[in-house]
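Engineer: No letters, just coordinates:
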């Protein structure tokens, strides 16, 4: 019984530590290995992993959380277009000093559009 209670406590702490943000893509872009269409997405960040999802489309990527010197006025998505295909490089979260930087390294991504 104590093990179950301890497990539930740890699971609740893990869920509580995850943060969720909303971003809007204005053009198609890749997130890890997942191709995303324009639209609104939820981004769940937990330690070193970010999951982006909208309906059946879901992708996972390694993330590094950085802090800027000042707050960002609005949420912006920066794309890397060096390879010809726009790929999400970072997300700057409006109203915060937080910047999510993506290495491009995917982690078990899937896509069903």
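Structural biologist: Cool, got the structure. Quick caveat, the model's predicted, so the values are computed rather than measured.

Engineer: got a list of what residue 83 touches?
Structural biologist: Applying CB atoms under 8 Å, 6 or more residues apart in numbering to residue 83 gives no contacts. Backbone N, C-alpha and C define where each C-beta goes, glycine included.

Engineer: Residue 70: what secondary structure?
Structural biologist: coil (DSSP: H, G, I helix; E, B strand; the rest coil).

Engineer: That one: how many residues sit nearby?
Structural biologist: Neighbours of residue 70 under the rule other CB atoms under 10 Å: 6.

Engineer: what about it, distance to residue 88?
Structural biologist: Noted for residue 70: a distance of 22 Å to residue 88, by CB to CB, to the nearest Å.

Engineer: Excluding sequence neighbours, find me the nearest residue to residue 76.
Structural biologist: Spatial nearest neighbour of residue 76, excluding adjacent residues (CB to CB, 6 or more residues apart in numbering): residue 92 at 4.8 Å.

Engineer: ugh, wrong one, I meant residue 30
Structural biologist: For residue 30, ignoring the flanking residues on the chain, the nearest one in space by CB to CB, 6+ apart is residue 87 at 4.5 Å.

Engineer: For that neighbour, give its distance to residue 96.
Structural biologist: Taking CB to CB as the measure, residue 87 and residue 96 are separated by 23 Å.

Engineer: can you pull out the helices in the chain?
Structural biologist: Along the chain, counting by DSSP state H, helices occupy 2-17.

Engineer: ranges for the strands of this structure?
Structural biologist: 19-25, 29-31, 34-36, 39-46, 49-54, 57-67, 76-80, 87-92, 98-106 (DSSP state E).

Engineer: Including mean neighbour count and mean pLDDT, could those go into JSON lines?
Structural biologist: Below are those laid out as JSON lines (neighbours: other CB atoms under 10 Å; pLDDT from 0 to 100):
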{"stretch": "strand 19-25", "mean neighbour count": "15", "mean pLDDT": "93"}
{"stretch": "strand 29-31", "mean neighbour count": "23", "mean pLDDT": "95"}
{"stretch": "strand 34-36", "mean neighbour count": "20", "mean pLDDT": "95"}
{"stretch": "strand 39-46", "mean neighbour count": "16", "mean pLDDT": "95"}
{"stretch": "strand 49-54", "mean neighbour count": "20", "mean pLDDT": "94"}
{"stretch": "strand 57-67", "mean neighbour count": "17", "mean pLDDT": "94"}
{"stretch": "strand 76-80", "mean neighbour count": "16", "mean pLDDT": "95"}
{"stretch": "strand 87-92", "mean neighbour count": "20", "mean pLDDT": "96"}
{"stretch": "strand 98-106", "mean neighbour count": "16", "mean pLDDT": "81"}
